[in-house]
Each structure stands twice: as C-alpha cells, then as structure tokens.
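Student: Sharing a model prediction with you, sequence too.
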Amino acid sequence: MAVTDLKPDHGAARRHFIFNDEHEQLRESIRAFVIKELAPHAEEWEETTFPDWVFRRMGELGLLGLCYPEEYGGQGGDYYCSLVLAEEMTNSNCGGLNMGIAVHTDMATPPIHVFGTEEQKQRYLVPSIKGELISCLGITEPDAGSDVAGIKTRAVRDGDEYVINGSKTYITNGHRADYIVLVTKTDPDAGYDGFTLFIVDMDLPGVIREEKLRKMGMHASDTALLAFQDVRVPESAVLGEVGKGFQHIMWELQGERMIGAAGCVAAAQKVFERTLAYSLERTAFGRPIGKFQVTRHKFAEMATKIESARQLVYTTAWRFANGEYPVREISMAKLHAARIAVEVADECIQIHGGAGYMKEYNVERVWRDLRLNRIGAGTDEVMLEVIGRSYGL
Ligand SMILES: Cc1cc2nc3c(=O)[nH]c(=O)nc-3n(C[C@H](O)[C@H](O)[C@H](O)COP(=O)(O)OP(=O)(O)OC[C@H]3O[C@@H](n4cnc5c(N)ncnc54)[C@H](O)[C@@H]3O)c2cc1C
C-alpha cells in the first residue's frame with residue numbers, strides 16, 4: 001500500500017507483542033466466566049464480601065494456577081497468563097473480589113512455589129491451586145507498614161519448634177484464610193538478615209482473628225486484624241531460608257506490584273470505555289456531552305495516560321518474565337499505573353456529573369476501589385524512594 005493511501009485504523013486490534021493466540025483464547029474464556037458467573041453478584045458481594053466458593057470454582061477452571069507447573073496441578077503457562085487473569089478479572093466490577101483472588105494467586109502462593117520445600121508444595125500449593133485452601137499474606141503490622149524492617153512479630157526458637165508472638169493488620173483474606181504466609185523477625189540484631197517467613201495454619205491455638213476492618217472501598221474483600229499469641233509451629237513451617245525472609249518478601253513484592261499495575265490499567269480502560277459510551281448518550285445544550293471540546297480533550301488525556309501506563313507495564317513484565325529483576329521499572333509501573341488509574345476514575349466521575357456521584361452508575365466505586373493502589377503493596381512515596389535511590393541518591 002502506498003503511504004499516501006494509509007488511513008489511521010483506530011479500531012485495529014492492539015495486541016501487544018508479549019501476547020500470543022493462546023493468551024487471547026485464555027483472555028476470552030476468563031472474560032466469559034467472569035461476566036457470566038461473577039459479575040452478576042457484584043452488588044451483593046459489596047455488602048456481604050464474596051463467598052469462598054469462588055476459590056473452588058476458579059480452582060476447578062484452572063484459574064488459580066495458570067503459571068504453576070502441571071505437576072502441582074497448575075496450567076504450566078507463562079508469566080503473561082497472570083497479567084491476563086488480573087486484567088480480565090476487572091470485568092467482575094468488583095475490586096474487592098479481584099484483590100482477594102490476586103492475593104491468593106500472585107502474592108501468598110508464589111513464595112511457596114519458589115522457596116517452599118516439596119512437602120510444603122504438596123501440603124499448601126497443590127490444594128491452593130485447586131481452591132481447596134485459601135491463603136493470605138501477612139507483612140503489615142499496626143506499627144509498621146512501609147517500613148517492613150520495623151515489624152515486631154517475633155518467632156523464637158524453642159527446641160524443634162518456633163513460638164510466634166505479634167500482630168498483623170489490613171490482611172486481605174485474613175478472616176477466611178486457611179493459612180498465612182507470615183513475615184517475622186527471628187534475630188532482631190541481624191538487620192536485614194534477621195527475618196524469616198513461616199507458613200502458619202490459621203486454626204492453630206493462639207491465632208486470633210479480630211473484627212473485620214471497615215474500609216473506604218474494596219468492600220467485597222475481607223480485611224483482618226490478626227493477633228498471634230504464643231503460636232507454636234514446627235521447624236517445617238519455615239518458608240525458605242531462616243534469616244532470608246526480608247529478601248524473600250522483597251522478591252514477592254515485585255510480582256505483587258506488577259499484577260497490581262496490570263489490574264490498574266485494565267480497570268482504568270474499563271471505566272474509560274463506560275464513560276465514553278455515557279458521554280455519547282448524555283446530552284446538554286443540544287449535543288452529546290462527549291462532543292464538547294473540553295470533554296473530548298479529557299478523553300484524549302485519559303487515553304494517553306492509560307496507553308503510557310499499559311506500555312510500561314507490558315514492557316516491564318516482559319523483562320521480568322525473561323529473568324531480569326527490574327525493580328526500578330516495576331516500581332515505576334506500579335506508581336504510574338496506580339496514579340493514572342485514580343486520575344482516570346476521578347475524571348470519569350466528573351464527566352458523569354451528578355450521576356458520577358451516585359452509586360447506581362458504579363463510577364464512584366471504581367474510584368474508591370482504585371484509590372487503594374496508591375497505598376497498598378508500597379505507597380506512592382515508597383515507590384518514589386525506590387526509584388530515586390536506584391540512581392544512587
Ligand atoms: C485494603 C487494604 C488491604 C491490604 N492488604 C494487605 C495484605 O493482604 N497484607 C499485608 O501485609 N498488607 C496489606 N495492606 C497494607 C498495605 O500494604 C500498607 O497499608 C501499606 O504498605 C502502607 O503501610 P502503612 O499503612 O503502615 O502506612 P505508613 O507506613 O504508616 O505510611 C504513612 C504515610 O507515610 C508515608 N511514608 C512512610 N515511609 C516513608 C518514607 N520513607 N518516605 C516518604 N514517605 C513515607 C507513606 O507513603 C504514607 O503516605 C493492605 C492495606 C489496605 C488498606
């Protein structure tokens with residue numbers, strides 16, 4: 001085709017090079033499942049939190065182990081399958097559900113797969129992939145969140161056992177979980193080499209689930225304050241190396257941030273599309289509101305932000321999947337995707353006018369749910385610290 005014949009093709013499929021036909025088939029099937037079986041319950045689950053059967057159903061469908069090896073019941077897919085899941089889950093219109101599932105698939109179970117013993121994989125990873133066990137991850141404490149090294153939960157060796165004391169807060173799935181991947185301090189004098197991860201069964205004596213915490217958004221998820229009072233676990237509950245828990249959890253956080261960033265971009269895209277449709281239906285002063293130049297420019301700004309975040313997320317995921325450890329770019333992707341998602345949701349409320357403030361249109365909920373992403377998994381300020389320090393500052 002001669003260059004002079006070229007016409008812009010705005011409707012062209014925009015499949016990124018990291019995805020192939022199999023990813024697209026997976027995308028279609030997850031989307032169909034989410035729209036048919038999960039989305040219809042979104043309103044109810046905002047009130048009640050989502051039920052545990054979602055884990056079992058997703059386990060049956062193979063969606064809780066997309067990237068795990070077949071020998072553990074996984075699908076043996078590549079890292080991009082996780083991105084596809086995070087993106088397509090946004091069709092549930094239920095941020096709290098998406099977060100609860102992501103904590104299980106991409107936060108609590110990856111350390112077991114990577115650092116766990118064969119026995120731990122059989123006992124925890126295999127049933128987690130089936131959706132028979134539900135997991136949670138305990139890093140944050142009432143007195144230490146951003147400052148992970150400042151945690152106080154102690155695990156003290158006593159013969160063949162460890163005795164754990166401390167508390168964790170804001171723990172997603174904390175009320176429903178069968179086990180927790182717990183960050184503890186085993187040697188307070190050893191600095192970053194004094195931390196150890198444990199897998200702790202939540203029905204052990206001394207594990208106390210306090211009341212459900214009430215939140216601004218993500219209402220469909222359960223968020224727990226947990227106490228550990230003289231909880232005795234065997235030595236076999238140590239996950240990974242004794243003393244290497246800080247390094248293990250920093251690795252985990254990179255995957256958590258990538259998945260969070262992918263979810264942010266997808267959620268921003270979805271609320272953008274719904275608002276675009278609304279702007280063509282809603283009229284004011286004799287024309288659709290989308291046809292005012294000011295509104296058109298709002299969409300142009302939002303689309304540019306979403307596309308820039310998407311490219312950063314995919315390119316960084318590609319590096320991560322190819323064995324690099326691009327902590328700086330993961331931090332950038334997490335920071336940028338969370339920020340633009342909140343900005344987009346906020347602008348979409350504005351474009352909806354009064355309707356944007358009403359629950360019925362489900363834009364305010366998107367904003368409330370997305371707002372968490374500038375705080376959870378490392379705040380904006382912590383991401384800026386990681387990025388800034390990476391330049392030797
Ligand atoms: C709904 C929800 C679900 C969550 N789920 C989980 C979970 O499943 N598991 C889990 O372990 N945690 C979970 N978290 C906790 C979350 O990761 C923390 O809230 C987050 O890391 C921030 O820690 P913090 O709340 O203690 O804030 P703080 O660390 O007290 O920070 C307060 C403010 O100080 C700023 N600040 C702190 N340090 C610096 C610094 N060095 N430079 C500049 N500014 C700084 C922060 O950016 C922030 O603005 C969840 C939180 C929420 C709200």
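Tutor: Thanks, I have it.

Student: which secondary structure elements does the helix or strand residue 136 falls within contact?
Tutor: Taking DSSP states H and E as the criterion, residue 136 maps to strand 135-138. Identification of packing neighbours for strand 135-138 by 3 or more CB pairs under 8 Å, 6 or more residues apart in numbering; DSSP states H and E yields helix 95-103, strand 161-172, strand 179-185. C-beta coordinates here come from the backbone N, C-alpha and C atoms, glycine included.

Student: and the longest one, does that touch the ligand?
Tutor: Just to be clear, that refers to strand 161-172. Yes - against the ligand, strand 161-172 shows contacts by CB under 6 Å from any ligand atom at 170-172.

Student: Please identify the pairing partners of that strand and their relative orientation?
Tutor: Strand 161-172 pairs in its sheet with strand 154-158 (antiparallel), strand 223-234 (antiparallel), by DSSP bridges.

Student: Reformat those strands as CSV; add distance to residue 326, mean pLDDT and mean neighbour count.
Tutor: Formatted as CSV, the strands paired with strand 161-172 follow (distance: least, CB to CB, whole Å; pLDDT from 0 to 100; neighbours: other CB atoms under 10 Å):
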stretch, distance to residue 326, mean pLDDT, mean neighbour count
strand 154-158, 32, 98, 16
strand 223-234, 30, 98, 19
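
Student: Save those strands as CSV, and put in distance to the ligand too.
Tutor: Below are those laid out as CSV (distance: least, CB to the nearest ligand atom, whole Å):
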stretch, distance to the ligand
strand 154-158, 16
strand 223-234, 5
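
Student: I'd like the helices and strands packed on strand 135-138 as CSV, with distance to residue 116 appended.
Tutor: Below are the helices and strands packed on strand 135-138 laid out as CSV (distance: least, CB to CB, whole Å):
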stretch, distance to residue 116
helix 95-103, 17
strand 161-172, 17
strand 179-185, 10
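
Student: Of those, which is nearest residue 117?
Tutor: Closest approach to residue 117 among the helices and strands packed on strand 135-138 is made by strand 179-185 (13.9 Å; CB to CB).

Student: Now do whichever helix or strand comes after the closest one: which elements does it pack against?
Tutor: Next in sequence after strand 179-185, counting helices and strands by DSSP H and E, comes strand 195-201. If contacts are counted by 3+ CB pairs under 8 Å, 6+ apart, strand 195-201 sits against helix 109-115, strand 161-172, strand 179-185, strand 223-234, strand 238-239, helix 245-281.

Student: for these, which one ends up most surrounded?
Tutor: strand 179-185 (a mean of 25; mean count of other CB atoms under 10 Å).

Student: residues in contact with that strand?
Tutor: 108, 111-112, 124, 133, 135-139, 148, 151-155, 164, 166, 168, 171, 174, 194-202, 226, 228, 239, 245-246, 249 (CB atoms under 8 Å, 6 or more residues apart in numbering).

Student: got the angle between it and strand 161-172?
Tutor: 110 degrees (axes from the mean of the first three to the mean of the last three CA atoms, to 10 degrees).

Student: hmm, strand 179-185 in reach of the ligand?
Tutor: No - for strand 179-185, no contact with the ligand is found by CB under 6 Å from any ligand atom; the gap never falls below 7.6 Å.

Student: Could I get the average pLDDT for that strand?
Tutor: Mean pLDDT, strand 179-185: 98.

Student: go on, stretch 134-150?
Tutor: 97.

Student: Can you list the buried residues in it?
Tutor: For stretch 134-150, burial by neighbour count (16 or more other CB atoms under 10 Å) applies to 134-141, 145, 148.

Student: any idea how far residue 137 is from the residue nearest in space to the middle of the chain?
Tutor: Centroid check for the chain by CA atoms, centre = their mean gives residue 260 as the closest residue, at 4.1 Å. Distance, residue 260 to residue 137, by CB to CB, to the nearest Å: 13 Å.

Student: do residue 273 as well
Tutor: In terms of CB to CB, residue 273 sits 32 Å off from residue 137.

Student: what's the closest of the helices and strands packed on strand 195-201 to residue 49?
Tutor: Among the helices and strands packed on strand 195-201, the nearest to residue 49 by CB to CB is strand 223-234 (9.3 Å).

Student: residues in contact with the closest one?
Tutor: Contacts of strand 223-234 (CB under 8 Å, 6+ apart): 136, 138, 142, 153, 155, 158, 160-175, 180, 182, 198, 200, 204-213, 215.

Student: ok so, going back, correct me, but the residue nearest to the centre of the chain touches residue 334?
Tutor: Yes - taking contacts as CB atoms under 8 Å, residue 260 lies within contact range of residue 334: 6.1 Å.

Student: so what sits against both of these two?
Tutor: With CB under 8 Å, 6+ apart as the test, residue 260 and residue 334 both reach 373, 377.

Student: near the ligand, which residues of this structure show up?
Tutor: 103, 136-140, 145-146, 170-172, 215, 218, 223, 372, 375-379, 381-382, 385.
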